[in-house]
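Engineer: What shape does this take:
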Amino acid sequence: MNKFALLCPGQGAQSAQMFALASQHTGADSFVQDVLKQTIHQHALADVLSSTALLFENRYAQPLLVAATLANWLALKQHLPVPDLVAGYSVGEVAAHAVSGSMEVLAALELATARAALMQACVHAPQRMLAVSGIAIEDIRHFVAGHDLHIAIITADNKAIIAGLATHISAAIPDILLLPGHDIGYTEVAVHIASHTPLMQAAATDFAQVLMDTTICDTDVGVLAGITGETVTAPAAIRSSLLAQMTQTIQWHACMDAMAESGIRFALELGPGAALSRMLQLRHPHIACRSVADFRSLEGVIQWVQRQREN
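Structural biologist: All right, here's what the predicted structure looks like:
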């Protein structure tokens, strides 16, 4: 039988409609309604969902994205095969561990909420993230070192997301097009915090205790650690991975390669958005990839998965 992977996204694709598909399922919709009643920093999440200005603020975005991913999982899991691997991008790695069964869904949501608050507290001056492409990773490494910036995420051999203080990003932008490469470009990332860089060190110190207070158990379903692409299933390794990825570069290209190397033949992104499925399809075209965001109904998702299992 074809091996199957689930993908859990990070920030960037959130929208007011991010819970629409899950709401077609009674149990998942009940979970969604409970989530949206919660209040963070004096705002009910239901109000955040309808506010474009608030929806992309880190303190709300992280828990809402984890909630949306897990709502889709709750709506679909009884109809999907047990995944052979789960991979989560940035905060999606928290959701991935709930999908794997190593922690409860509500524990993952609480973890994401605490993570977001601690990271937000590290923003003493404006921070930015910038996606750059067409430049070899080694050249990007030299570039960020010379501009007091950091590589937050590597997505391909010539693509990365860099992060740091907003003033440093602004000062560096004119020099990006001067780097050696082909079809060089850059795009602003809708995340206003320097995730996966040393600027989050203070958050990591407190997050270590949060992780210790979170119940985590062994699981038979492996999750790919973002910082290495290695499979983790034991509580100590899970805690170590989730802690390290706050301040260290996410090796997403290595995670995608690990899926291919393990024999994954099809992958479903739990949404919202479809960035991870598109990246995986581009890097490993032999892996069939879709996102729940591509479908209008849960039944459409289920039928696609069933076809891939039978191919």
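Engineer: residue with max distance from the center of this protein?
Structural biologist: Leu178 (30.5 Å; C-alpha atoms, centre = their mean).
Engineer: and that one, how far is that from Pro235?
Structural biologist: In this view, Leu178 and Pro235 are 47 Å apart by C-beta to C-beta, to the nearest Å. Heads up, the C-betas are built off the backbone N, CA and C, glycines and all.
Engineer: And for Gln17?
Structural biologist: 35 Å.
Engineer: ok, now Asp175?
Structural biologist: 44 Å.
Engineer: more neighbours, these two?
Structural biologist: Here Asp175 and Pro235 are compared on neighbour count by other C-beta atoms under 10 Å; more neighbours surround Pro235, at 18 against 11.
Engineer: Can you report how many residues neighbour the nearest residue to that one once chain neighbours are set aside?
Structural biologist: Counting by C-beta to C-beta, 6 or more residues apart in numbering, Pro235 lies nearest to Ile216, which is 4.3 Å off, once chain neighbours are set aside. Using other C-beta under 10 Å, Ile216 has 21 neighbouring residues.
Engineer: do you know how far Gly273 is from Gln14?
Structural biologist: Separation of Gly273 from Gln14 (C-beta to C-beta): 8 Å.
Engineer: quick check: mean pLDDT across stretch 38-49?
Structural biologist: Mean pLDDT, stretch 38-49: 94.
Engineer: Can you give me the first-to-last residue distance of that stretch?
Structural biologist: 12 Å (C-alpha to C-alpha, to the nearest Å).
Engineer: Only the buried residues of stretch 17-37, if you could.
Structural biologist: By neighbour count on 16 or more other C-beta atoms under 10 Å, the buried set for stretch 17-37 is Met18, Phe19, Leu21, Ala22, Ser23, His25, Ala28, Asp29, Phe31, Val32, Val35, Leu36.
Engineer: Looking at these, which one is closest to Pro126?
Structural biologist: Nearest to Pro126 out of the buried residues of stretch 17-37 is Met18 (C-beta to C-beta; 25.8 Å).
Engineer: State the helix or strand in which the closest one lies.
Structural biologist: Counting by DSSP states H and E, there is no helix or strand that carries Met18.
Engineer: what do you get for Ala204?
Structural biologist: In the assignment (DSSP H and E), Ala204 maps to helix 201-213.
Engineer: Report the distance from that helix to the chain centre.
Structural biologist: Helix 201-213 sits 19 Å away from the centroid of its parent chain (C-alpha atoms, centre = their mean, to the nearest Å).
Engineer: Touching, Leu36 and Ser50? I think so.
Structural biologist: No: counting by C-beta atoms under 8 Å, Leu36 does not reach Ser50; the two are 10.1 Å apart.
Engineer: What about Ile227, how many residues nearby?
Structural biologist: Neighbour count of Ile227, defined by other C-beta under 10 Å: 22.
Engineer: coming back round to it: the residue farthest from the centre of the chain: what secondary structure?
Structural biologist: coil (DSSP: H, G, I helix; E, B strand; the rest coil).
Engineer: Now do it against Ile140, distance only.
Structural biologist: Going from Leu178 to Ile140 by C-beta to C-beta gives 13 Å.
Engineer: can you list the residues that contact the worst-scoring helix or strand of the chain on mean pLDDT?
Structural biologist: Using mean pLDDT, DSSP states H and E, helix 52-55 stands out as the lowest-scoring helix or strand of the chain, at a mean of 91. Contact partners of helix 52-55, identified using C-beta atoms under 8 Å, 6 or more residues apart in numbering, comprise Gln14, Ser15, Ala16, His43, Asp47, Val48, Leu49, Tyr60, Ala61, Leu64.
Engineer: Give the closest residue to Val301 in space, chain neighbours not counted.
Structural biologist: Closest residue to Val301 apart from its sequence neighbours, by C-beta to C-beta, 6+ apart: Phe295 at 4.9 Å.
Engineer: Same check on Ala22?
Structural biologist: Spatial nearest neighbour of Ala22, excluding adjacent residues (C-beta to C-beta, 6+ apart): Ala71 at 3.6 Å.
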